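J.: A structural model of the following input is requested.
(chains A and B, ligands or ions: 2)
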Amino acid sequence: MNNQDLLNLINITVSFEGFLALNKLNLNLKKGELRAVIGPNGAGKTTFLDVITGKVKPTKGEVIFKGKSLVGRKEHKIARLGVGRKFQSPRIFENLTVKENLEISVTTPKSPLNLINKNIKDEQLNEIERLMKIVNLAQKVDSKAGSLSHGQKQWLEIAMLVGQKPDLMLVDEPVAGLTDEETDLTADLLKSLSGENTVVVIDHDMEFIRRLDSNVSVLNQGTVLCEGTMETIQKDKKVIDVYLGRPED
Amino acid sequence: MSLSKVKFDKKIVLSFWIILIALIIAAPTLLPVFRLNLLGRYLSLSIVALGVDLIWGYTGLLSLGQGIFFALGGYCAAMYLQITSSSEFPNNIPEFFALYGVEKLPFFWEPFRSPVFTFFAIWIIPALVAGLIGFLVFRNRIKGVYFSILTQASLLVFFNFFNGQQKLINGTNGLKTDVTQLFGQMVGSEFMQRIFFWITAILVIAAWFFAKWVVKGRFGNILIGIRDDEPRVRFTGYNPVIFKTIIFSIAGGLAGISGALYTVQSGIVSPQFMTVPFSIEMVIWVAVGGRGTLLGAILGAVFINYAKSLVSEALPASWMFIQGGLFILVVTALPEGVLGWIQGDGPRNLLQRFGLKRKIETYPSLEVNNKEGNNE
Ligand SMILES: Nc1ncnc2c1ncn2[C@@H]1O[C@H](COP(=O)(O)OP(=O)(O)OP(=O)(O)O)[C@@H](O)[C@H]1O
Ligand SMILES: [Mg+2]
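T.: Ligands and ions are numbered 1, 2, ... in the order given. I've put the predicted structure just below:
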C-alpha cells in the first residue's frame, strides 16, 4: 500500500453462510490505472464489486478508498465519494428516456431539494450531449431506454457511469451480448477513460481483455491467483490450469 | 412519441378541461343538493387517490393504510367545528363529553380552537405522521409486500385506538359535523354544502397541479427510478429513503385534506374511515383509473364512487361483487388502467381488431434499425 493508491482491498473475506465467495483477497489500484479482472464463473468477481460499492459487507477485511474506509458505509454515500458501477446485465431505467437516464447520473447535488425546485444546469446539459455523442445515442435522446437494443443499453449504462464522474469506475462484463464491432468500440472507450479515471473491467472475453492492453488480475475461488500483463498471466501455470487451459465459453 | 399520439393526448386534456369547468360551474344549479353533495364527496376522495398514485403509481409503494391519514385530516376538521360550536353545552365543551362524565377538555383539543392552527393541522399532522412511519419503515429497507402488510397493520392499530377512546374523541361514534357552525352558518346547510363543493373542486384541481409539479422533471424521474430499480438509484448516489419519506409524507398530507373535505360533506368523521376495505378501495380507484397518470386517479375515484352510489341505490347488495369484478378485469385485461390504456395504443388496437382503423407505423425508425441487424 502506498499513497499513490486509489483503492486497497486488504484481506477481504466474504462468507455467505459458510461459503467463502471471497477468501483473503488483496488488491491495490493506482490512480489512473486500467485493470482487467478475469476468472471463471463463480470466482467472486461480482462479489468483489459488491464489497467495494457497499452492497455486501465483508465478513473480514478492509476497503480503503482515497484514504477512507468504505466498510459499513451506505451505498449512496460510497457512490458520492466517487465510486461508480456498471452492472453485469444492463441496469438502466427502462421507463425513462435516454436523456432522463443521463440527467439522473449527471445531476449534482443529488438532494431532493435540488431536484424539485431547480432546473438542470447548463453545463450538465452540455455534458449529457457530449455523452450521447460518445456512445452514439444522440438520435435516441427522447426514446424510452427500454426500447433500445441490448448494445445500446450497455452503452447507455456506460454513459451514465461516466456522467457520474466517479474517480473509480467498476465495469462488470460490459461487452456481454455485444457485436464484435461494438466490443472493439467499448474497449477503446474504456481505454480512453483510464488515465483521468481509474477503471476496473471484469470480463470473460479474452479478445476484449487483450485489446484493453492493461494489467490483469486473475480471480479464482475468491482470491487473487495471479497479477500481471496478459503475456505473464498467459504463461502462469496456475492460471492455465484453472482458466485459460479450459475452452472459453 | 408519435405526432398522432400527442394530438390525441391534447384532445383528451382539452375536452377534460371543458367538461370539468362546465361541470363545476353548472353543478350547484343543475344538481339537486343531495347529488351535489355526493359529487363533492367523491371529488374530495380523488385527492387521497392522487396521493395513492404518487406513492404507488410513481414510486411503487403500495400502501394499504392511507385511511389513517385520511381520518386524521377528518378528525382535525371535526374537532375544530365541534369545539367552536359548543358554547351552549355543559362546561362549554362538545356535547358527547357529558355522556362519559368528562368535564374538562382533553389538552390536545385546545389548539383546535384556532382556525389558523386547524387549517395547517389538517394537512401537516397527517403529513408528519406519514413521514415518521415512512422514515422508520424505509430506513429499515422494508419493501414490497412487507411494506403493504405493515401499513395495513398500522391502519388496524389506529382503527382500534380511535374506536376505544370514548372519553377523548367519542370512540366508535365519531364526531358529527353537520349540526356545527362555521363562520355563523350551519355546516350541514345547503348554502355551506354548495360552498364546500366549490372549495373541493378548486382543491382537487390545485392538488392535481401540485402532484403534476412533483412528478415533473428529475424528482419524478427518481421516483420512477425507485419504483423500477431502487438499488440502481442508490449506486448512482441518491438516498432513496429521503425520497420515499418525502413522497409518502406528501401523500399523507393530501389524504388529510381529502379526509377533512369528505368529513364536512358527509357530516361525520369516525373510525369507519380507517377500516381495511376503505383503504383498499382507494388503491382500486387508482388501479382502475390508471396508475402513474394522476388524472386516472381522479377519474377513478369519482366514477367508481358514483357508480357505487347508483348501484347501491338500485341493488344494495351487489356493489362489492361489481367492484371486485372491476378490479379483476382491470388487473387482467387493462393492467395500466383505463386512462393508461387510452393514452397507450389501446383504442387503436381495438379498432384495428375490428378492422375499423388502418395500422399506423408508430416507430418506423425502430423498424429500420431492426433490419440493420440490431439485437432486439
Ligand atoms: N447473496 C449470495 N448468497 C449466497 N451466495 C452467493 C451470493 N452472491 C454470490 N454468491 C456465490 O458466490 C460465488 C461468487 O459469485 P460472483 O457472482 O461473485 O461470481 P462471478 O465471478 O461474478 O461469476 P460470473 O462470471 O458468473 O458473473 C458464487 O458461487 C455465487 O453463487
Ligand atoms: Mg459476475
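
J.: what does chain A have sitting close to ligand 1?
T.: Residues of chain A lying close to ligand 1 by Cβ under 6 Å from any ligand atom are A:F16, A:F19, A:A21, A:G39, A:N41, A:G42, A:A43, A:G44, A:K45, A:T46, A:T47, A:Q88. Every C-beta, even on glycine, is put in place using the N, C-alpha and C of the backbone.

J.: now the fourth one, nearest residue through space, not along the chain?
T.: Across the structure, with Cβ to Cβ, 6 or more residues apart in numbering or on different chains as the measure, the residue nearest A:G39 apart from its sequence neighbours is A:L219 (3.4 Å).

J.: next one: the helix or strand hosting that neighbour to chain centre, how far?
T.: Here A:L219, judged by DSSP states H and E, is contained in strand A:215-220. The chain centroid and the centroid of strand A:215-220 are separated by 15 Å under Cα atoms, centre = their mean, to the nearest Å.

J.: does anything pack onto it? Which helices or strands?
T.: Secondary-structure packing of strand A:215-220 (3 or more Cβ pairs under 8 Å, 6 or more residues apart in numbering or on different chains; DSSP states H and E): strand A:34-38, strand A:223-228, helix A:230-235.

J.: partners of that strand in the sheet?
T.: strand A:34-38 (parallel), strand A:223-228 (antiparallel) (DSSP bridges).

J.: which of those strands sits most buried?
T.: Mean neighbour count (mean count of other Cβ atoms under 10 Å in any protein chain shown) peaks for strand A:34-38 among the strands paired with strand A:215-220, with a mean of 23.

J.: could you give the angle of whichever helix or strand comes after that one to strand A:223-228?
T.: For strand A:34-38, the following helix or strand on the C-terminal side (DSSP H and E) is helix A:45-53. Angle, helix A:45-53 to strand A:223-228, by axes from the mean of the first three to the mean of the last three Cα atoms, to 10 degrees: 90 degrees.

J.: now do the buried residues in helix A:45-53.
T.: Buried residues in helix A:45-53, counted by 16 or more other Cβ atoms under 10 Å in any protein chain shown: A:K45, A:T46, A:T47, A:F48, A:L49, A:D50, A:V51, A:I52, A:T53.

J.: who is the closest residue to A:I38 other than its chain neighbours paired with across the strands?
T.: Leaving aside its sequence neighbours, A:I38 sits nearest to A:V218 (Cβ to Cβ, 6+ apart; 5.7 Å). Beta-bridge partners of A:V218, counted by DSSP bridges, are A:I38, A:C226.

J.: now do A:V218: how many residues are near it, please.
T.: 23 (other Cβ atoms under 10 Å in any protein chain shown).

J.: where exactly do the helices run in chain A?
T.: Using DSSP state H, the helices of chain A run over A:45-53, A:75-81, A:98-106, A:112-117, A:122-134, A:150-163, A:180-193, A:206-212, A:230-235, A:237-239.

J.: any chance of the ones you listed in CSV, with mean pLDDT too?
T.: As requested, the helices of chain A are exported to CSV (pLDDT from 0 to 100):
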stretch, mean pLDDT
helix A:45-53, 95
helix A:75-81, 96
helix A:98-106, 95
helix A:112-117, 88
helix A:122-134, 92
helix A:150-163, 92
helix A:180-193, 88
helix A:206-212, 87
helix A:230-235, 86
helix A:237-239, 83
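
J.: got those as TSV, with distance to B:F107 columns?
T.: Compiled in TSV, the helices of chain A are given as follows (distance: least, Cβ to Cβ, whole Å):
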stretch	distance to B:F107
helix A:45-53	50
helix A:75-81	41
helix A:98-106	47
helix A:112-117	35
helix A:122-134	51
helix A:150-163	54
helix A:180-193	64
helix A:206-212	71
helix A:230-235	75
helix A:237-239	76
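
J.: could you list the low-confidence segments of chain B?
T.: B:1-7, B:345-376 (pLDDT under 70).

J.: check the stretch 151-300 of chain B for the residue nearest ligand 1 and tell me.
T.: B:P231 (12.8 Å; Cβ to the nearest ligand atom).

J.: picking that back up, my guess is the residue nearest to A:G39 meets A:N41, correct?
T.: No. A:L219 lies out of contact with A:N41 (Cβ atoms under 8 Å); the separation is 11.0 Å.

J.: ok, these two, which is more surrounded?
T.: Neighbours per residue, other Cβ under 10 Å: of A:L219 and A:N41, the larger number sits with A:L219, 25 against 7.

J.: quick one, what contacts that one?
T.: For A:L219, the contacting residues are A:L25, A:V37, A:I38, A:G39, A:A43, A:G44, A:K45, A:F48, A:L225, by Cβ atoms under 8 Å, 6 or more residues apart in numbering or on different chains.

J.: so the first one makes contact with A:I12?
T.: Just to be clear, that refers to A:L25. Yes. With contact defined as Cβ under 8 Å, A:L25 reaches A:I12; the gap is 4.4 Å.

J.: mutual contacts of the two, please.
T.: Shared contacts of A:L25 and A:I12 (Cβ under 8 Å, 6+ apart): A:F48, A:G61.

J.: show me where the stretch 151-300 of chain B has helices.
T.: With DSSP state H, counting those that start in this stretch as the criterion, the stretch 151-300 of chain B has helices at B:166-169, B:190-215, B:217-235, B:240-266, B:276-289, B:295-314.

J.: outside of the shortest one itself, list whatever touches it.
T.: So that's helix B:166-169. B:Y75, B:M79, B:F97, B:L99, B:Y100, B:V102, B:P106, B:F108, B:F162, B:T172, B:N173, B:L175.

J.: mind telling me what element the first one is part of?
T.: I take that to be B:Y75. Assessed by DSSP H and E, B:Y75 sits inside helix B:66-84.

J.: what packs against that helix?
T.: helix B:33-52, helix B:115-139, helix B:144-164, strand B:175-176, strand B:181-182, helix B:240-266, strand B:268-269, helix B:276-289.

J.: no further questions, thank you.
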